[in-house]
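Asker: Below is the structure, and that's it, no one-letter string:
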């Protein structure tokens, strides 16, 4: 038998006090152990995230992998076509017949060429008489083979001639007015200017590469000349940009977001921002055409969205960026902006945990959020009133169940747990996330703004940086 220790209390009160102290010490030890375990889980998750960022299938690396696979596929198809062509030549030498329009063995039947393209009919000359007996021929029908063709860029110089006339009676000289040019005293036509702007800002082709391409075609256009045209076009398009801005800011609901833009500075590049505000009323049956306005800033301070939306009072769907907070204040003029949370951002944090650590709570949260997305998908493009009715019937119960489950699950987690932090992102802003249940105009996500910025994100690898702040303003315009 184990001997009793000599220092045990000899009274009931002392025993109770000692027991309570032991229980307190045990709870503190368990709390420290729980905190340590949570910290270990946090560090493991952090390492997994870093490994995923470095080695994982991020969007950029995924795009490069797709590019590589498409390159390999192109090589395989080219090799197969080369072998097929050689086999056809060998068959022709051996005299074996084969229909000229039948596909090579192993290749699928070709799809019809686009119907919207103009057709140029070329009729091959037919014999005037039968080649066998010289008799008269009568047409039975015809076979048509379609071939896709392209006409290279065709450069031309337009000479606008203004003839002068004089009146023999009063000797008055008459001449038509000078033609309109998009650029004053410029020698570039509107089609050429549109092609340059679309190549620079749509296809992310820098001006020096455009200049080299035109030189190969026998047209010498220096970079400084093209750059001057771009600057003049930016100034001439200001009225159009003003109309777009007025149209966007007249919306009842806007999507807002921003992305980084490297900007050339002295001996380095700094990180500027490109902002977008998107009007898209189609999800709630609006008939106004969608549009987006873009703005550039040298940094990401709150003054920029406050300036961009100074005269706007409506609904703003955006992420949880603190720079928007002043827009939501009740005493703001001309009125407070209604904040609407983005469920895609809230889901993304939980999805990362479900993907990286297979956390059961994260998996369950993603499953419940996906059920809300599925229910919401069925009511898109309906009028706002109809969306609101259906949301209250089918979506609101799912949101209520998610909130109840998430708050109960969150109460059992340590504050250091990554799943708890992901849940807190939504729970601390639950009013903004649930606001769509009371307004049929609000969307579930802010994906419209993210789609508008996708072109800038894809183009960063091509143009590397904006040359200056004014270059950033031009790109936004």
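Answerer: Structure's in. What do you need? In this text, all values refer to a predicted model and were calculated from it rather than measured experimentally. Numbers count the residues shown, from 1 in each chain.
Asker: now the residue nearest to residue 443 when sequence neighbours are not counted: how far from residue 335?
Answerer: Nearest non-adjacent residue to residue 443, counting by CB to CB, 6 or more residues apart in numbering: residue 283, 5.4 Å away. From N, CA and C alone the C-beta is placed, and that goes for glycine too. Distance of residue 283 to residue 335, given as CB to CB, to the nearest Å: 23 Å.
Asker: Which of those two has more residues huddled nearby?
Answerer: residue 283 (20 against 11; other CB atoms under 10 Å).
Asker: Please list all residues in contact with that one.
Answerer: Residue 283 makes contacts with 380, 381, 443, as judged by CB atoms under 8 Å, 6 or more residues apart in numbering.
Asker: 10 Å - rerun?
Answerer: Taking CB atoms under 10 Å, 6 or more residues apart in numbering as the criterion, residue 283 is in contact with 253, 376, 379-382, 384, 387, 440-444, 448.
Asker: just checking, which of the residues you listed belong to helices?
Answerer: Among these, the members falling in helices (DSSP state H) are 376, 384, 387, 448.
Asker: Give the helix, strand or coil label for the nearest residue to the last one once chain neighbours are set aside.
Answerer: Just to be clear, that refers to residue 448. Using CB to CB, 6+ apart and skipping the chain neighbours, the partner closest in space to residue 448 is residue 255 (4.3 Å). Here residue 255 is recorded as strand under DSSP: H, G, I helix; E, B strand; the rest coil.
Asker: what about the closest residue to residue 383 other than its chain neighbours, neighbour count?
Answerer: Among residues not flanking residue 383 along the chain, residue 285 sits closest, at 4.1 Å (CB to CB, 6+ apart). Counted by other CB under 10 Å, the residues lying close to residue 285 total 16.
Asker: The one 5 residues further on now?
Answerer: Applying other CB under 10 Å, we find 15 other residues in the vicinity of residue 290.
Asker: ok, it to residue 339 distance?
Answerer: For residue 290, the distance to residue 339 equals 22 Å [CB to CB].
Asker: In this structure the residue nearest to residue 383 contacts residue 388, no?
Answerer: No - contact between residue 285 and residue 388 fails when scored by CB atoms under 10 Å: they sit 11.8 Å apart.
Asker: list the buried ones in the host helix or strand of residue 459?
Answerer: Element membership for residue 459 (DSSP states H and E) is helix 447-463. Residues of helix 447-463 classed as buried by neighbour count (16 or more other CB atoms under 10 Å): 447, 448, 449, 450, 452, 453, 456, 459, 460, 463.
Asker: now the first one: how far from residue 278?
Answerer: Which is residue 447. As for residue 447, its distance to residue 278 is 10 Å (criterion: CB to CB).
Asker: Now do the shared contacts for the two.
Answerer: 255, 257, 317.
Asker: show me the residues around residue 165 that make contact.
Answerer: By CB under 10 Å, 6+ apart, the neighbours of residue 165 are 172, 173, 174, 175, 176.
Asker: from those residues, which two are the most distant?
Answerer: Using CB to CB, the two most remote members of the contacts of residue 165 are 172 and 176, lying 14.3 Å apart.
Asker: quick one, phi/psi of the residue nearest to residue 383?
Answerer: Backbone torsions of residue 285, given as degrees, to the nearest 10, read phi 80, psi 20.
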